[in-house]
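# sequence first, predicted coordinates after that:
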Amino acid sequence: MSYVTLSTLRDHLMKVVPGETILVEYSPSTWPHIAFYFISKIALENGNYIIIDDILDTLYFYKVQLEMGGFNTDFLDDEKVSVIKIGGHRKIGNVVSSIEFASDFYVHREMYRKSFSKVLEGGEFFVDIVLGFERRLLMTKTPYDRFLFLAHRAHYLGNKKRIAVYLVNVELLKECSMALSILEETSTSVVRLEEKNGWETINFIKSPVPQLDGRRFKVDMNNIINYLRGGKS
């Protein structure tokens, strides 16, 4: 395990490859809203556009948690941040498309394809952050439709105009048999977050980048929080 400074961690994260689909696994004891803010801030600082897939009001919960922790959430209104809202009723940020919750996979796929394609036309490169995907799976009635939603992620794999980051609660996924295994198999990178005694461990279970594959990085949470509040990295 490597103990790294925040700037070194950022350098490592910049090695991810355009076209990747990255699965970030977290448990309820970690801070997914901090990870979300961290990823968003790095993307914006590097001049990237952001798409947030807000599934079933997950973005609202992240925003509330950030604000209760004293963080500024104005970045959600940045002109480079677009929100595709899927289900739910709390509109946060620059919502460019609202997709009604559809249990039928084929209806959902077509509505999302149109929304996503329209947003991609507005910029050269996007970081697509998906929030609440595991909730979408829990709301899918049949194993077959659940598998279709899982497999559909591969449709965008390799699209050099975006990097996709799925933040998923692995405890909730236990309710969906084999879902986590399929998500891990169909992701190019799998990152596991662990927090203990003020240190955040970022574990790259797999990655196409040799310098990241199998590596574990440990960083002081206080440094991350200071950076997110405007301090130096």
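Arrived safely, thanks for sending. Numbers count the residues shown, from 1 in each chain.
# so after the top helix by length along the chain, what's the next helix or strand?
Looking only at the chain and at elements set by DSSP state H, the helix with the highest residue count is helix 105-120. Beyond helix 105-120 in the direction of the C-terminus, DSSP states H and E gives the next helix or strand as strand 126-131.
# note down every partner strand of that following strand and its orientation.
Strand 126-131 has the following sheet partners, assigned by DSSP bridges: strand 49-55 (parallel), strand 162-169 (parallel).
# buried residues, the helix or strand following the last one. List them.
Along the chain past strand 162-169, the next helix or strand (assigned with DSSP H and E) turns out to be helix 170-173. The neighbour-count criterion (16 or more other Cβ atoms under 10 Å) identifies 170, 172, 173 as the buried residues of helix 170-173. (C-beta placed from N, C-alpha, C; glycine too.)
# what is the nearest of those to residue 26?
When those are compared for distance to residue 26 (Cβ to Cβ), residue 170 wins out at 7.0 Å.
# so that closest one makes contact with residue 29?
No: when contacts are counted by Cβ atoms under 8 Å, residue 170 is not listed as touching residue 29 (11.1 Å).
# please, where are all the helices along this structure?
In chain order, the chain shows helices spanning 6-13, 32-45, 58-68, 105-120, 133-138, 143-152, 170-173, 179-185, 221-228, with DSSP H as the criterion.
# mean pLDDT added to the ones you listed, as CSV?
Putting the helices of the chain into CSV (pLDDT from 0 to 100) gives the following:
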stretch, mean pLDDT
helix 6-13, 86
helix 32-45, 95
helix 58-68, 97
helix 105-120, 83
helix 133-138, 90
helix 143-152, 86
helix 170-173, 91
helix 179-185, 92
helix 221-228, 91
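# how many neighbours does residue 197 have?
Other residues near residue 197 number 5, with proximity taken as other Cβ atoms under 10 Å.
# what does residue 47 give?
Using other Cβ under 10 Å, residue 47 has 9 other residues around it.
# what do you get for the one 4 residues further on?
The local packing of residue 51 (other Cβ under 10 Å) involves 23 other residues.
# again with residue 150
21.
# then residue 200?
With neighbours defined by other Cβ under 10 Å, the count for residue 200 comes to 21.
# show me what contacts it?
Residues near residue 200 by Cβ atoms under 8 Å, 6 or more residues apart in numbering: 30, 31, 193, 194, 218, 219, 220, 221, 224.
# on the pLDDT front, check it for me.
Here the pLDDT value assigned to residue 200 is 88.
# repeat for residue 232
Model confidence at residue 232 (pLDDT) stands at 63.
# so what's the residue count around the closest residue to residue 90 other than its chain neighbours?
Leaving aside its sequence neighbours, residue 90 sits nearest to residue 60 (Cβ to Cβ, 6 or more residues apart in numbering; 4.1 Å). By the measure other Cβ under 10 Å, the count of residues near residue 60 is 17.
# quick check: residue 60 touching residue 95?
No: taking contact to mean Cβ under 8 Å, the distance of 11.6 Å between residue 60 and residue 95 leaves them out of contact.
# shared neighbours, the two?
Shared between the contact lists of residue 60 and residue 95 (criterion: Cβ under 8 Å, 6+ apart) are residues residue 54.
# which ones are touching residue 222?
Going by Cβ under 8 Å, 6+ apart, residue 222 touches residue 198.
# ugh, wrong one, I meant residue 191
22, 23, 24, 25, 202, 203, 204, 205.
# read off the pLDDT value for the first one.
Note on residue 22: pLDDT of 96.
# and it, how many neighbours does it have?
Burial of residue 22 is recorded as 24 neighbouring residues (other Cβ under 10 Å).
# which residues does it contact?
Under the criterion of Cβ under 8 Å, 6+ apart, the contact list for residue 22 reads 16, 163, 164, 165, 166, 187, 188, 189, 190, 191.
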